[in-house]
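K.L.:
Fold the following, please.
(2 chains)
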Number of protein chains: 2
Amino acid sequence: MVVPGIGTVGVVSTRHFHSQEDLILESGEKLGPITITYETYGQLGYKKENAILIEHAFTGDAHAAGLHTGDNKPGWWNNLIGPGKAFDTNKYFIICSNVLGGCRGSTGPSSIDPKSGKPYALNFPTITITDIVRAQKLLLDHLGIKTLLSVAGGSMGGMQALQWAVSYPDKVRSTIPIAAAAKNLPQQIAFNEVGRQAIMADPNWNDGNYYDRTRPEKGLSVARMIGHITYMSDKSMEEKFGRRFRETKQAFKFGGDFEVESYLQYRGNKFVKRFDANSYLYLTKAMDHFDLSGGRPLFEALKEIKAKFLVIAFKSDLLYPAYHSEEIVRACKLAGIETTYCEINSHFGHDAFLLETEEESRLIKHFLERVYTEDEENYEI
Amino acid sequence: MVVPGIGTVGVVSTRHFHSQEDLILESGEKLGPITITYETYGQLGYKKENAILIEHAFTGDAHAAGLHTGDNKPGWWNNLIGPGKAFDTNKYFIICSNVLGGCRGSTGPSSIDPKSGKPYALNFPTITITDIVRAQKLLLDHLGIKTLLSVAGGSMGGMQALQWAVSYPDKVRSTIPIAAAAKNLPQQIAFNEVGRQAIMADPNWNDGNYYDRTRPEKGLSVARMIGHITYMSDKSMEEKFGRRFRETKQAFKFGGDFEVESYLQYRGNKFVKRFDANSYLYLTKAMDHFDLSGGRPLFEALKEIKAKFLVIAFKSDLLYPAYHSEEIVRACKLAGIETTYCEINSHFGHDAFLLETEEESRLIKHFLERVYTEDEENYEI
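P.N.:
Model (predicted):
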């Protein structure tokens, strides 16, 4: 028996699920065959009662915890997932999959279209957060998991967590949307649109057909830089960079002389090595079109939900200020959903869901323990 | 005699001052000959005691009030400048000039370099807010104005107003910085840098050499879109656009289906017709390098100032949140400067200095009346 304690899940590997059935999209279109790339940590209980689905944010991937062989950078939520941690792998079986439409293993615009033998590019169908969740449902069916103890995620991951509770009310025992929103308001749409325009303004984007040639790296890098500003806060930027100049003065007049400039350029240039520009377009559109309410008052859209909610926001979040979370909480209360809300004090802005993990861990740990012990009898396991 | 009352300055025309002397820049470089384009409204008093310099924001111009012949769009601060208005042209002589480095008449990177006979492009020297103010000083010398009753402006205009008070403490009787800052913090630098990167990522930018060929309109448009987000607020965007779709659905998948998207595209496309990409680079750099404190504690940099201050901020300002103005006020108080501060409640974000004009007008009107009547004896007129 493993002695409980704060630890790591160790070396992990990524797996691929190839669905034999087509995915029926919200638009009615069929997409298939699809691949969903995923990782799991911990052991599935013999009653399959302890499965938790972790949803990654916009540019994240299935590698949420542990280390890949030969790598020294742990998964993106390694602080929260592991023995004794918030998502305690001594107790729970954790699944994290790459989103449909992404570019980190799951089917997306850079995948080969079986019809043409070439990458889908813009022939990839428009997808929604609901479609992303439906694809995850195929994976869970494949794993034989009927009910989730919890669905949790930050940012776009929180949107998926919310959509799970609405799409499959009988299959979700709890939902943890963090730094998320029930819908994008025009400011978020605007930031996303500027990123899209930056990509499409790059001649190398070439209407999405760039997979066998130079990629639209400049445009994608600018898009990422915009994103990064919204992920940080004015205070976290001030703490990190101040008005310090970079050490080596650039000869070029507009080469960037402040540290914050070179940091953003560095992050932009790094990002283009790992992310696909068309996925950027498809996934930001999925976020922008996301509206959990489906046009009704939000609380009515939540009426069938049985899940308990833990909603977490962060004080300095520029991208999804706390009032987005408060709107979710208000609707949950109106719908009679048992809801815990916490706004965590942090300077880290939107990124706080990845960085401000101490309070976040405590909240999630206690919440999951309660759901795990209290509700078991109510669900088909 | 004109009967005082709220009115318009009527039809106005733009003038050009061609300086015979070189401008000595902060860097030590000489720039000349230079042209400063300006407009004036009202009459200069016989003692030249009533001159007010209006400073425009980043992409503004000298046309602050009234109408140009054949045009139906008044100047950018027409609500504030005119008979009976805040800047009362029955009493005061108002001057507004286009900034050095701009592209609306005054010398900038798109002007002809006398050395080469071609546009300066990136051979234009790096300029600072201090240089912009020095160029305005040449204009005032030309007009025979020794002392300003006031220097007022919003955003980058506020930076210039602040710099006037520091650069020429004996020549400024009052200063009105609105929605401004004593220095750009990394978040403002970051937004500017993304705009610059968007421009420079456009192959048509061509290292700044595009004046005889296709201009970097796509890059400049993206830069403007980013700017626009920072000029509005989440609330003003929500009020203006909500999640409404544009009326005509675009056939192209990523053509923009929300109203906020088409609005930003429209503003971006309109902007590139009137603004020069290189001016965008030079002026954003001037803002980023602006630091009124000169590296000292800010109040020490203000010690020589005799001007009274009226500092105005707006509650929803995303670009320069009120704490920027509060820092100016704190330093003014520490330096013993008579300072009035008001944070105006508004949903309009940074743009409020152009839109939320009722309270702004009252504050400015009363403040100017007081300065005008109280302080005359202290200044060389």
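K.L.:
Touching, A:Ala190 and B:Glu261? I think so.
P.N.:
Yes: applying Cβ atoms under 8 Å as the test, A:Ala190 and B:Glu261 come out as touching, 7.5 Å apart. Bear in mind the C-beta positions are built from the backbone N, C-alpha and C, glycine included.
K.L.:
Now do the contacts for the residue nearest the centre of chain A.
P.N.:
Centroid-nearest residue in chain A, with Cα atoms, centre = their mean: A:Ala57, separated by 2.0 Å. In this structure, A:Ala57 makes contact with A:153-157, A:353, judged by Cβ atoms under 8 Å, 6 or more residues apart in numbering or on different chains.
K.L.:
who touches the residue nearest to it when sequence neighbours are not counted in this structure?
P.N.:
Counting by Cβ to Cβ, 6 or more residues apart in numbering or on different chains, A:Ala57 lies nearest to A:Ser155, which is 4.0 Å off, once chain neighbours are set aside. Residues in contact with A:Ser155 (Cβ under 8 Å, 6+ apart) are A:57-58, A:178-180, A:319-320, A:350, A:353.
K.L.:
repeat that for 7 Å
P.N.:
With contact taken as Cβ atoms under 7 Å, 6 or more residues apart in numbering or on different chains, A:Ser155 is in contact with A:57-58, A:179-180, A:350, A:353.
K.L.:
Repeat that for A:Val329.
P.N.:
By Cβ under 7 Å, 6+ apart, the residues touching A:Val329 are A:311, A:339, A:341.
K.L.:
Whatever helix or strand it lives in: how far from the chain's middle?
P.N.:
Using DSSP states H and E, A:Val329 falls within helix A:322-334. Helix A:322-334 sits 20 Å away from the centroid of its parent chain (Cα atoms, centre = their mean, to the nearest Å).
K.L.:
Can you mark which positions in it are buried?
P.N.:
In terms of neighbour count (16 or more other Cβ atoms under 10 Å in any protein chain shown), helix A:322-334 has its buried residues at A:322, A:324-325, A:327-329, A:331-332.
K.L.:
any idea which of those is closest to B:Ala165?
P.N.:
Comparing the buried residues of helix A:322-334 against B:Ala165 with Cβ to Cβ places A:Ala322 closest, at 38.3 Å.
K.L.:
Stretch A:233-240: how far from the chain's middle?
P.N.:
Averaged C-alpha coordinates place stretch A:233-240 at 23 Å from its chain's average position (Cα atoms, centre = their mean).
K.L.:
which residues are in contact with it?
P.N.:
With Cβ under 7 Å, 6+ apart as the criterion, stretch A:233-240 contacts A:260, A:316, A:318, A:347-349, B:185-187, B:190.
K.L.:
Need these in CSV (columns: distance to A:Asp22).
P.N.:
CSV is the format used below for the contacts of stretch A:233-240 (distance: Cβ to Cβ, whole Å):
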residue, distance to A:Asp22
A:Val260, 47
A:Ser316, 43
A:Leu318, 39
A:His347, 46
A:Phe348, 41
A:Gly349, 40
B:Leu185, 51
B:Pro186, 48
B:Gln187, 46
B:Ala190, 44
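K.L.:
List only those of these flagged as buried.
P.N.:
The neighbour count (16+ other Cβ under 10 Å) marks A:260, A:316, A:318, A:347-349, B:185-187, B:190 as buried among these.
K.L.:
So which of those is the closest to B:Ile24?
P.N.:
B:Leu185 (29.4 Å).
K.L.:
circling back to that earlier point, among the contacts of A:Ser155, which are in helices?
P.N.:
A:Phe353 (DSSP state H).
K.L.:
Identify, from the contacts of A:Ser155, the entry nearest to B:Leu67.
P.N.:
A:His350 (45.0 Å).
K.L.:
For that closest one, which residues are in contact?
P.N.:
Shown in contact with A:His350 (Cβ under 7 Å, 6+ apart): A:155, A:179, A:230-231, A:317-320.
K.L.:
if we go to 8 Å?
P.N.:
By Cβ under 8 Å, 6+ apart, the contact list for A:His350 reads A:155, A:179, A:230-233, A:314, A:317-320.
K.L.:
Check A:Gly195 too.
P.N.:
Residues near A:Gly195 by Cβ under 8 Å, 6+ apart: A:222-224, A:226-227, A:280, A:284.
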